[in-house]
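In: Curious how this folds, go ahead:
(4 chains)
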Number of protein chains: 2
Amino acid sequence: MNNKQNLELEKLKQEMRRGTIVLATMSQLTREQYGYSLIKSLNEQGFEIGQDTLYPLLRRLEEQQLLDSEWRVEDPRPRRYYRLNDNGKEVLRQLSEDWRLQTEVIRRLLNEAE
Amino acid sequence: MNNKQNLELEKLKQEMRRGTIVLATMSQLTREQYGYSLIKSLNEQGFEIGQDTLYPLLRRLEEQQLLDSEWRVEDPRPRRYYRLNDNGKEVLRQLSEDWRLQTEVIRRLLNEAE
DNA sequence: CATTATACTGTATATAACACAGTATTGTCA
DNA sequence: TGACAATACTGTGTTATATACAGTATAATG
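Out: Numbering: from 1, shown residues only, chains lettered A, B, ... in the order given. Next up is the predicted model:
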């Protein structure tokens, strides 16, 4: 596999991860977190995500009224805390359900391919 | 859940499916298929995909030299047949592996969220 | 012979991940 | 004490891709 092909492969993998980013992020926001801790936490658990991706996503989720955020200045350093609201929790439930169904479909497709 | 929120939810689900489209499509192309049969086959197995999505994808995969295609005019009707080449099969293998790892990570994240 | 299913091609658009740049504060350790 | 790494964001592109929309044309079916 040459260099260009490897690059294409990486792009395809990235594209695959793309769809899961919202789900992975929301899954961690049933309890309150701030951006940096969220990145660390996801990375430690094997889900790679950078600032470049997370912060815009958080703002978008807030626009869509799925989470609430709040500045906290009492902390050792000012931080913005994020947490799913009821709306967001319901959406997370539904996305999780959809995810389960969808992965089952893919699992079958892949098995068949072998 | 009001109308606007439902729309947002559908958009998020769609976004989730997005990443799986290449994988699902490629999984069916270890054996030769033409576009229309591919759409039918995927839909029957629970994976929704339309012409709008599939044909541009097939053209892209061919550009990336992951599949070969060929017009067949002897058929009752002219059809373009698609099939993964060796390159594509290798990419499918690697994507499948990545998918397995990735879904395992998400599974853990979701369990933890409950 | 009208309608439905089949089987594509081509162009346009919206969205979201990611890139890149910038700002500023808090440990830490030599 | 002063440099450096880690922390903790904001703002503005760029690019790739799914999807929308439009169009073309043939085969089967009742």
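
In: low pLDDT regions in chain A?
Out: A:1-4, A:113-114 (pLDDT under 70).

In: same for the helix or strand residue A:7 falls within, what does it pack against?
Out: Following DSSP states H and E, the helix or strand that holds residue A:7 is helix A:3-18. If you count contacts as 3 or more Cβ pairs under 8 Å, 6 or more residues apart in numbering or on different chains; DSSP states H and E, helix A:3-18 packs onto helix B:3-18, helix B:21-27, helix B:86-113. Bear in mind the C-beta positions are built from the backbone N, C-alpha and C, glycine included.

In: Just name the most buried of the ones you listed.
Out: helix B:21-27 (a mean of 22; mean count of other Cβ atoms under 10 Å in any protein chain shown).

In: Quick one: name the residues of chain A near DNA strand D.
Out: A:11-12, A:15, A:34-37, A:40, A:51-52, A:55-56, A:59, A:75-80 (Cβ under 7 Å from any atom of the strand).

In: which of those residues come close to DNA strand C?
Out: Of these, the ones that also sit near DNA strand C (Cβ under 7 Å from any atom of the strand) are A:51-52, A:56, A:76-77.

In: which residue packs closest to residue A:23, ignoring adjacent ones?
Out: In space, residue A:23 comes closest to residue A:95 once its chain neighbours are excluded; the distance is 5.4 Å by Cβ to Cβ, 6 or more residues apart in numbering or on different chains.

In: ok, the one you found touching residue A:22?
Out: Yes. Using Cβ atoms under 8 Å, residue A:95 is in contact with residue A:22, at 7.2 Å.

In: tell me, what's touching the two both at once?
Out: Counting by Cβ atoms under 8 Å, 6 or more residues apart in numbering or on different chains, the residues touching both residue A:95 and residue A:22 are B:12, B:16.

In: Tell me the buried residues within the residues of chain A next to DNA strand D.
Out: A:12, A:15, A:34-35, A:79 (16 or more other Cβ atoms under 10 Å in any protein chain shown).

In: Can you tell me which of these is closest to residue A:104?
Out: residue A:15 (20.8 Å; Cβ to Cβ).

In: check contacts around the closest one.
Out: B:18-19, B:22.

In: cutoff 10 Å now
Out: B:18-23, B:95 (Cβ atoms under 10 Å, 6 or more residues apart in numbering or on different chains).

In: hmm, which two among those are most spread apart?
Out: Among those, B:18 and B:95 lie farthest apart (Cβ to Cβ), at 14.3 Å.

In: Same list (the buried ones among the residues of chain A next to DNA strand D) but as JSON lines, adding distance to residue A:63.
Out: JSON lines is the format used below for those (distance: Cβ to Cβ, whole Å):
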{"residue": "A:12", "distance to residue A:63": "29"}
{"residue": "A:15", "distance to residue A:63": "24"}
{"residue": "A:34", "distance to residue A:63": "18"}
{"residue": "A:35", "distance to residue A:63": "16"}
{"residue": "A:79", "distance to residue A:63": "20"}
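
In: All set, thanks.
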